[in-house]
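# give me a 3D structure for the following:
(one chain, ligands or ions: 1)
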Amino acid sequence: MSKTATIAIDDKTIDLPVIVGTENEVAIDIQKLRDLTGAITLDPGYKNSGSCKSAITFLDGEEGILRYRGYSIEDLAEKSNFLEVAYLVIFGELPSTKQIETFEADIRKYTLVNEEMKGIIDGFPKHAHPMGILASLTCALTAFNPKVVDVEKEGDMYEAVCKIMGKFLVVATWAYRKTQGFPLNYYDNTLPYVDNFLQLMFKLPTGPYKINPVVLNAIDKLFILHADHEQNCSTSTVRMVGSAHAGLFASISAGVSALWGPLHGGANQAVLEMLEEIQKDGGDADKYLAKAKDKNDPFRLMGFGHRVYKNFDPRARIIKKAADEVLAELGVNDPILKIAKDLEEMALKDEYFVARNLYPNVDFYSGIIYRALGIPTEMFTVMFAIGRLPGWVAQWKEMRENKEPIGRPRQVYVGEPLRPFKEMSNR
Ligand code: CMC
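Below you'll find the predicted structure:
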């Protein structure tokens, strides 16, 4: 691979450095482009632009590869658990027994959320979208924990990581409890992290709550699969907000808002809404497959296709198995899930979908699992957010530790050139 790329513009020719990553990803380093030529690059949607160098996640969309810190997603989903993976993603190495025990014990120090936060929740209407509640509560955590993280001090950063890991899980489940009208639960420091998610969500004051190991395993896997996905929309948002030296909690709150969008984390909600629409319309999966292929119809099959995975989504393969296990364990007989299975089978055989490499993505199967567990559709993206938290934290930490400059893209102005002010009488 050449060490430089040559660019010619007008009468100038310049050489720009070529950077090669550890997995042979090639990038032209254009940091000096404007200084040397006066020109900038234009890349809406950033399909060709790297915003940073990162050592956290590697993904190859063509080959269907996803790795955190060099470990394959398949190995991590099979052999590890969510808290270990969170440690790996945030701190760079798989933890020893002692390290993970200490990490979990340190998270437990911060699992109590200020009671005054409940006053904020009371202000929301019962029908408020849980993602709106989560974004607000996460930002409010900044007010209750105002100490700015001094990234130069390892202790400060570590404390902030433990705090957000503890409190975010609690407020995320509170967003659900609010919409159900249930009393808000407390974290149980005698239980592991993901078990806590289940009891925070589902334990009622009227009786004991028994954790089903098949359900626990599926949720743990889902969180692992969502833990990071390199520079996606919400993660880039977290890095961008953090690049202005906004605090960790405020940056993560911005990430929650970005994740809410239906083209990003909101897709798992959109999948179920689509399935419900198909059911209401008579349950004809064939009809909707045809609509998705019709170029004059804006309808798209939600949960199919991916911006980067143009082969298959490796996470979808893992979670499909967990989805099958959960459905078998719970013995769910749900017409919506039958429509999902029909769509999946038809699309996988359909020429249009095969030719465009449109496979079911992780959101397709995660939506099915959540539905089977009785989690309301509006909570699906919150589930994604809980899983993605370690990734957001790791990316924020990396960005600050690498002393990245404030994110400030340029633009090509295409508006009116200078014109004389028009007096009111002439408008
Ligand atoms: N249904 C029908 N046709 C589709 C679909 C779909 N879901 N997705 C893409 N296509 C077609 C599209 O019409 C285009 O066809 P043609 O080449 O004939 O014009 C071709 O496939 C390429 O589509 P694109 O829009 O250029 O692809 P993209 O990489 O820009 O979009 C996507 C990726 C995920 C936004 C898109 O596939 C989509 O809208 N999928 C449904 C929403 C969804 O499930 N999103 C979740 C993504 S995974 C969550 C995450 O990681 O954030």
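
# can you pull the buried residues of the stretch of helix or strand residue 288 belongs to?
Using DSSP states H and E, the element containing residue 288 is helix 285-293. For helix 285-293, burial by neighbour count (16 or more other Cβ atoms under 10 Å) applies to 285, 288-289, 292-293. Every C-beta, even on glycine, is put in place using the N, C-alpha and C of the backbone.

# pLDDT and distance to residue 341 for those residues - can I get that in JSON lines?
Listed next are the buried residues of helix 285-293 as JSON lines, based on pLDDT from 0 to 100; distance: Cβ to Cβ, whole Å:
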{"residue": "285", "pLDDT": "91", "distance to residue 341": "9"}
{"residue": "288", "pLDDT": "94", "distance to residue 341": "14"}
{"residue": "289", "pLDDT": "93", "distance to residue 341": "13"}
{"residue": "292", "pLDDT": "95", "distance to residue 341": "17"}
{"residue": "293", "pLDDT": "95", "distance to residue 341": "20"}
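
# for residue 244, list the residues it contacts.
406-407 (Cβ atoms under 8 Å, 6 or more residues apart in numbering).

# try it again with 10 Å
By Cβ atoms under 10 Å, 6 or more residues apart in numbering, the residues touching residue 244 are 250-251, 406-408.

# just those: which are in strands?
When the contacts of residue 244 are checked against strands (DSSP state E), there are no matches.

# now, these that are in helices?
250-251 (DSSP state H).

# which SSE is the closest residue to residue 269 other than its chain neighbours in?
Leaving out its chain neighbours, the residue that sits closest to residue 269 by Cβ to Cβ, 6 or more residues apart in numbering is residue 380, at 4.7 Å. Using DSSP H and E, the element containing residue 380 is helix 380-401.

# please see if that helix touches the ligand.
No: judged by Cβ under 6 Å from any ligand atom, helix 380-401 stays clear of the ligand, getting no closer than 8.1 Å.

# which positions within that helix qualify as buried?
Applying 16+ other Cβ under 10 Å to helix 380-401 flags 380-400 as buried.

# got it, and stretch 104-118?
Using 16+ other Cβ under 10 Å as the test for burial, stretch 104-118 gives 104, 106-108, 110-111, 113, 117.

# dihedrals phi and psi, residue 187?
When quoted as degrees, to the nearest 10, the phi and psi of residue 187 stand at phi -60, psi 140.

# hang on, isn't it packed against residue 193?
Yes: using Cβ atoms under 10 Å, residue 187 is in contact with residue 193, at 9.2 Å.

# doesn't residue 17 belong to a strand?
Yes: looking at residue 17 with DSSP: H, G, I helix; E, B strand; the rest coil, it is inside a strand.

# quick thing: my sequence starts at 56, can you match it?
Got it, the first residue is 56 from now on, which makes the last one we talked about residue 72.

# leaving out chain neighbours, which residue sits closest to the residue in the stretch 306-455 of the chain that the ligand sits nearest to?
Proximity of the stretch 306-455 of the chain to the ligand (Cβ to the nearest ligand atom) peaks at residue 360, 2.4 Å away. Take residue 360 and drop its neighbours on the chain: the residue closest to it by Cβ to Cβ, 6+ apart is residue 413, 4.3 Å away.

# assign that neighbour to helix, strand or coil.
coil.

# what sits against it?
Residue 413 is in contact with 347, 355-356, 359-361, 365, 402-403, 405, 407, counting by Cβ under 10 Å, 6+ apart.

# among those residues, show me the least confident.
Of all these, residue 365 has the smallest pLDDT value, namely 81.

# ok, and the closest non-adjacent residue to that residue?
residue 412 (4.8 Å).

# wouldn't that neighbour be in contact with residue 361 here?
Yes: taking contacts as Cβ under 10 Å, residue 412 lies within contact range of residue 361: 8.7 Å.

# can you tell me the SS state at residue 429?
coil.

# burial check on it, number of neighbours?
Residues lying near residue 429 (other Cβ atoms under 10 Å) number 10.

# quick one: contacts for it?
Per Cβ under 10 Å, 6+ apart, neighbours of residue 429: 256-257, 385, 387.

# now the buried members of these.
256-257, 385.

# in strands, which of those residues appear?
Among those, no member falls in strands (DSSP E).

# ok, the contacts of residue 299 vs the ligand, which is closest?
Of the contacts of residue 299, the one sitting nearest to the ligand (Cβ to the nearest ligand atom) turns out to be residue 306, at 18.4 Å.

# could the buried ones among the contacts of residue 429 be laid out in JSON lines, adding pLDDT and distance to residue 229?
Listed next are the buried ones among the contacts of residue 429 as JSON lines, based on pLDDT from 0 to 100; distance: Cβ to Cβ, whole Å:
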{"residue": "256", "pLDDT": "97", "distance to residue 229": "10"}
{"residue": "257", "pLDDT": "96", "distance to residue 229": "13"}
{"residue": "385", "pLDDT": "90", "distance to residue 229": "25"}
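
# now the residues you listed in CSV, with distance to the ligand?
Listed next are the buried ones among the contacts of residue 429 as CSV, based on distance: Cβ to the nearest ligand atom, whole Å:
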residue, distance to the ligand
256, 22
257, 26
385, 25
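
# looking at the residues you listed, spot the one nearest residue 294.
residue 256 (29.6 Å; Cβ to Cβ).

# can you tell me, leaving aside adjacent residues, what's nearest to that closest one?
Computed as Cβ to Cβ, 6+ apart, the closest residue to residue 256 that is not its neighbour in sequence is residue 228, at 4.9 Å.

# packing partners for the host helix or strand of that neighbour?
Secondary structure from DSSP H and E places residue 228 in helix 209-235. Helices and strands touching helix 209-235, by 3 or more Cβ pairs under 10 Å, 6 or more residues apart in numbering; DSSP states H and E, are helix 137-146, helix 152-163, helix 172-177, helix 185-199, helix 248-257, helix 303-314, helix 435-456.

# sorry, back to before: report the angle between the helix holding residue 435 and helix 209-235.
160 degrees (axes from the mean of the first three to the mean of the last three Cα atoms, to 10 degrees).

# and helix 435-456 with helix 185-199, angle?
40 degrees.

# number of nearby residues for the residue of the stretch 306-455 of the chain closest to the ligand?
Residue 360 has 20 nearby residues by other Cβ under 10 Å.

# in contact with it, which residues are there?
322, 347, 368, 402, 408, 411-416.

# again, only using 8 Å
Applying Cβ under 8 Å, 6+ apart, the residues near residue 360 are 411-414, 416.

# adding pLDDT and distance to the ligand, write those residues out as TSV.
TSV is the format used below for the contacts of residue 360 (pLDDT from 0 to 100; distance: Cβ to the nearest ligand atom, whole Å):
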residue	pLDDT	distance to the ligand
411	92	4
412	88	8
413	91	5
414	87	10
416	87	4
